[in-house]
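Engineer: Give me coordinates for this.
(2 chains)
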Amino acid sequence: MELTLWTYEGPPHVGAMRVASSMKDIHYVLHAPQGDTYADLLFTMIERRGQRPPVTYTTFQARDLGGDTAELVKRNITEAVERFKPKTLLVGESCTAELIQDQPGALAKGMGFDIPIVNLELPAYSKKENWGASETFYQIIRTLLKDKVNEIEKINPKRWKSLGRRPKVNILGPTLLGFRCRDDVIEIQRILSEQGIDTNVVAPLGSSPEDIERLTDADINICLYQEIAETSCEWLKRNCGMEYTTTIPIGINNTINFINEVHEKLDLPLTNQEELEHKSKLPWYSKSVDSNYLTGKRVFIFGDGTHAIAAAKIAKDELGFEVVGLGTYSREMARQVRSTAKDLNIEALITNSYLEVEDAMKKASPELVLGTQMERHSAKRLGIPCSVISTPMHVQDVPARYSPQMGWEGANVIFDDWVHPLMMGLEEHLIDMFKHDFEFVDGHQSHLGHNATKGTKDKEDEHTQRHINIQKKGDIIWTDSGRAELTKVPFFVRGKVKSNTEKYALSKGLPEITEETLYDAKAYFG
Amino acid sequence: MSKVDLNKETGPREVFCGLTSIVWLHRRMPDAFFLVVGSRTCAHLIQSAAGVMIFAEPRFGTAILEEKDLAGLADAHEELDRVVNDLISRRPEIKTLFLVGSCPSEVIKLDLATVAEKLNTKFLGQVRFVNYSGSGIETTFTQGEDGALKALVPLMESTDDEKLLLVGTLANNVEDRFKKIFNNIGITNVESFPPRQSTELPKIGKNTKVLLTQPYLSDTVRDLKHRGCEIVFAPFPLGVEGSTKWFLAAADAFKIPELKVHEVIAPLANRARKALEKHTQILRGKKLFLLPESQLEISLARFLHNECEMDLIEVGTPYLNKDLMGEELNLLPDDTKIVEGQHVEKQLDRVRASNPDLVVCGMGLANPLEAEGISTKWSIEMVFSPIHGIDQAADLAGLFSRPLKRNQILTSKTLATH
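Structural biologist: Next up is the predicted model:
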């Protein structure tokens, strides 16, 4: 048993729902009790979907358990097929149904329907949401293509040349409830078409079973989200020889690397290499003098594997931040996240516990947190600016405007979303210069919307005061002069200055902290 | 009883399970912790329904069953013991710990009663353990509260003092208001169950008169009756009419003349009716369809028809307890179509066919219906908002008039030209 107060991922059948809901002409019969219908609201509320997920829940009750739950399953399957007329039927069970072992998938296959039936076996007590989505996508592809792949020749990625057409690719992995998937797909398609590459199929998002059946018309696959599509890409490679890309085009460097990888795989010459650097404003914005102040900003990163790794690379190489924490809840990608962390000389945090993440965040004392909606809440409690870079997400992370993470526009969005929560460069400098002015009030900073109130200032002061008082009870005493000097420090760095000074005082065995101790500590830590 | 048109329906449902009620129960009793023994689905359900992220550390959690627990490789009792130990060392302020059964724990027949008993011995004097089931194979949404309260009844000490016991979770401000009004009426010994602190359980006995504030407490009522309490039957205190009859029923049980009640309530009722008027103007003559979920549907239908003059197309309810709902059914217009249970697809067919002006439904259905051009009100808001009592009648009506008003604003020009 594992004690969980909050979980980053849902159960695997929710992953299956993400795939089913992303597609057209598919229906999912889920053997599950009534409470499991909550999952609909993830789609209709968080993503504001105007359609119900294509899911029929058998909603068996305790009184059914004594009788024939298998009959109940069959009745629901029959009704769902009649009513929704799907072109492919998914059949599976949630955690409770797994225990009663009705084997709904096998039942469905014996009912004589003339549509493909995908039997989903998603172990609810050992696997989670992303695995469930990946497995479902793979099973759909396997079911719909397994006969075809035996008949066709191995796919040579260069075949477009002899076929006398433009190269064609599939974009695999985007789903509903994925982070900015809808916009990433548009951005990547735009980039590919600029390079003269056509999109054959995007899946699961927006695809139908017919689209899945023509996946093999493409020359290569683009694995856009490893968590969802890698298993499928591997299967297509093994069975049809289809190559797939592994670079995730988030950030300037990796968007360029991605374009290069696609060209290499297709054996398509890249003619506009030098243009690519200028496609996004991020490199220039990052180079402009105002951004000098971003140098070495301490950033803590936690999210799914794909977005956490991408964020670490952008933070370090493209924005000049210092990555002081990196972690993921995607155990499937632990190895990659660890190796990225190692390159940054830090240790990766692989955990499902948001409390552990919050502890690590506290210890790292970052100036910016990049995380999921849970890290946003943790960061808020700690008074640290935060930007959300990964699922799980809140309704506000599904913006109305076009805001991809991938490609050129994605890099623009990332620059804005990560830098705006911070104090702007020149502004930070001015605040520092004028902090002793009697008209200066902490919290007047225009870009810290959530902190920019008088109330916050009072609270902050109270907070400092309380911390100082608590300290008095311990070994280190804050003298009046030390305390007065501490309140002159802008509130957004006050916590860090305070803890550094105490750390310094402890290490030097000082009994009390005076004004001078603050300056000593400042000099010591630089 | 009025001649309502009672129907039953079975089929796929779209409702929450009893675990969801933890979302308001833990707020009512801040010294209690709710530990669900279940699956990742249970944990995901509660956090999705509750928007848990606002809490530093929520006062509820899930002990997630893993493969080794199911295969019998780990002793479930020992595992639970370990989890509870961790939890209590982390949260020493917990006074009552509810072990909450779920669908999987019920199916594998995990005996939470025995676990609770053992833990009670172990943590004697520090934490109290009780258990109940919030599983979706046995309970619907608000029924979870019934289970939690029923589990507390054996812990309530006995007394022969005469008192009025309000049973069912109320918003704190509404509870205070009710107590003040009862005081003015002449009933001074009024207590609430659940209490604001889990350790301050009211005493009960043969002179306890139980007045329900919520319609979904069948099992709790039965056990209170076994303890000798007198059950006062009344409509539920939603709207002016329901609340007035509710106060009258209580007064009657205490042999307080009706006139006294009217004397206290009349000014409040007049004020509330005036406040209701602006909502009634919007709601009057509009067609209402209630899908089953919170179990408040029948009381809401009665309020929205009798006081806000809406027309009732269909009133869904997850289940119907005719004893507890008798007074409410009497107040509904003849031939009101009540449907117990659900076949969500057939019901949605009826929604579309009847062209309603407003549908009360769960969050999973609201936006899809809106996208079809049908205005909706989510039922979960009824269990989170203070809606009980005469003073709240206009606020309650406002929950229903707002979507219609919004619809008028948006459809008149802005969307038409889009």
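
Engineer: Could I get the buried residue list for stretch B:350-360?
Structural biologist: B:350-351, B:356-360 (16 or more other CB atoms under 10 Å in any protein chain shown). The C-beta positions use only the backbone N, C-alpha and C, and glycine is treated the same way.

Engineer: Stretch B:399-416 too?
Structural biologist: B:399-401, B:403-405, B:407.

Engineer: again, but for stretch B:164-181
Structural biologist: B:164-171, B:174-175, B:177-179, B:181.

Engineer: between the residues you listed, which is nearest B:Phe303?
Structural biologist: Checking the buried residues of stretch B:164-181 against B:Phe303 with CB to CB, the nearest one is B:Val174 at 15.5 Å.

Engineer: List the contacts of the closest one.
Structural biologist: The contact partners of B:Val174, by CB atoms under 8 Å, 6 or more residues apart in numbering or on different chains, come to B:386, B:388-389, B:392.

Engineer: So what does A:Ala505 have for phi and psi?
Structural biologist: Per-residue torsions, A:Ala505: phi -60, psi -40 (degrees, to the nearest 10).

Engineer: Now for the buried residues of stretch B:399-416: which two are most distant?
Structural biologist: B:Leu399 and B:Asn407, at 14.3 Å, using CB to CB across the buried residues of stretch B:399-416.

Engineer: Could you check how far the one residue in the stretch 351-500 of chain A that gets nearest to chain B is from A:Val398?
Structural biologist: Residue nearest to chain B within the stretch 351-500 of chain A: A:His377 (4.5 Å; CB to the nearest CB). For A:His377, the distance to A:Val398 equals 17 Å [CB to CB, to the nearest Å].

Engineer: A:Glu2 now?
Structural biologist: 29 Å.

Engineer: and stretch A:331-349, which residues are buried?
Structural biologist: Buried residues in stretch A:331-349, counted by 16+ other CB under 10 Å: A:331-333, A:336-338, A:340-341, A:344, A:346, A:348-349.

Engineer: related to what we said a few turns ago, most neighbours out of the contacts of B:Val174, which is it?
Structural biologist: Comparing the contacts of B:Val174 by number of neighbours (other CB atoms under 10 Å in any protein chain shown), B:Gly389 comes first, having 28 neighbours.

Engineer: give me phi/psi at it?
Structural biologist: Dihedral angles for B:Gly389 - degrees, to the nearest 10 - are phi 100, psi 170.

Engineer: who's in contact with it?
Structural biologist: So B:Gly389 contacts B:174, B:177-178, B:181, B:237, B:243 (CB under 8 Å, 6+ apart).

Engineer: coming back round to it: and the buried residues of stretch B:399-416 as JSON lines, adding distance to B:Ser21 and pLDDT?
Structural biologist: Converted to JSON lines, the buried residues of stretch B:399-416 look like this (distance: CB to CB, whole Å; pLDDT from 0 to 100):
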{"residue": "B:Leu399", "distance to B:Ser21": "19", "pLDDT": "96"}
{"residue": "B:Phe400", "distance to B:Ser21": "23", "pLDDT": "97"}
{"residue": "B:Ser401", "distance to B:Ser21": "27", "pLDDT": "97"}
{"residue": "B:Pro403", "distance to B:Ser21": "25", "pLDDT": "95"}
{"residue": "B:Leu404", "distance to B:Ser21": "29", "pLDDT": "95"}
{"residue": "B:Lys405", "distance to B:Ser21": "30", "pLDDT": "94"}
{"residue": "B:Asn407", "distance to B:Ser21": "31", "pLDDT": "89"}
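
Engineer: Name the residue of the stretch 101-250 of chain B that lies nearest to chain A.
Structural biologist: Per CB to the nearest CB, the residue of the stretch 101-250 of chain B with the smallest distance to chain A is B:Gly136, at 3.0 Å.

Engineer: low pLDDT regions in the chain?
Structural biologist: All of this refers to chain A. In the predicted model, chain A carries pLDDT under 70 at residues A:423-475, A:491-492, A:526.

Engineer: not what I meant, chain B
Structural biologist: In the prediction, chain B carries residues with pLDDT under 70 at positions B:1-2, B:51-56, B:73, B:412-418.
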